[in-house]
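A.B. asks: Provide a 3D model corresponding to the input given below.
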Amino acid sequence: MMLYADDSKVIGPASTLEDTSQLQNDLDLLTVWAKSWLLTFNVSKCHVLHFGHKNINTTYSLYGQLLSPVFEECDLGVIVDNDLKFSTHAKKAAASVSSSLGLIKRTISSHSPKILSLLYKGLVQPRLETGMVLAFPIFQERC
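C.D. replies: Numbering: from 1, shown residues only. Reported below is the predicted structural model:
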């Protein structure tokens, strides 16, 4: 199990019935833990994303309610699909960048390189870089 701020994940192999039983057991233990800390999970926001060709795509439940399977999920701002591809994320980033560039073009009359550089670094570059370390790690500079 992984916890990050208000985000939780139960992760594990699912290529055998024993694997899937262990994952369901982990979900059950998670509900016990949550109840002991007076927390609840919103089951409608909980999903199952099956990875890999050996995954037997079992259904899982939380609080006795079935979790809905999905083919892609946004995790900490990065959209990933069940084939571990980031094409949807890249398309969304490109659309966001295009929108930002259009805004700059329509509203800024100055063509000063200093101003355009500041706008690019503040409005465009962060949208391009979000999640790209995960999506395309081979293109990152080495320290």
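
A.B. asks: what bridges to the residue positioned nearest the centre of the chain?
C.D. replies: Centroid check for the chain by CA atoms, centre = their mean gives Asp75 as the closest residue, at 1.8 Å. On the basis of DSSP bridges, Asp75 takes part in beta bridges with Val78.

A.B. asks: Tell me, what's the model's pLDDT at it?
C.D. replies: pLDDT, Asp75: 79.

A.B. asks: any idea how far it is from Ser21?
C.D. replies: Computed as CB to CB, to the nearest Å, the Asp75 to Ser21 distance reads 25 Å. (Glycine included, C-beta is placed from N, CA and C.)

A.B. asks: Repeat that for Leu128.
C.D. replies: Leu128 sits 43 Å away from Ser21, going by CB to CB.

A.B. asks: Would you mind telling me which of the two has the busier surroundings?
C.D. replies: Leu128 (15 against 12; other CB atoms under 10 Å).

A.B. asks: ok, the more buried one touching Ala95?
C.D. replies: No - contact criterion CB atoms under 8 Å: Leu128 and Ala95 do not qualify, at 11.7 Å.

A.B. asks: Is Gln125 in a helix, a strand, or coil?
C.D. replies: At Gln125, secondary structure determined by DSSP: H, G, I helix; E, B strand; the rest coil is helix.

A.B. asks: Can you name the residues that contact Asp7?
C.D. replies: Asp7 is in contact with 75-76, counting by CB atoms under 8 Å, 6 or more residues apart in numbering.

A.B. asks: quick one: what helix or strand has the closest residue to Pro13 other than its chain neighbours in it?
C.D. replies: Leaving aside its chain neighbours, Pro13 sits nearest to Asp19 (4.6 Å; criterion: CB to CB, 6 or more residues apart in numbering). Counting by DSSP states H and E, the element that carries Asp19 is helix 17-36.

A.B. asks: Can you list the strands that the next helix or strand after that helix pairs with?
C.D. replies: Downstream of helix 17-36, the first helix or strand assigned by DSSP H and E is strand 47-49. Strand 47-49 pairs in its sheet with strand 68-70 (parallel), by DSSP bridges.
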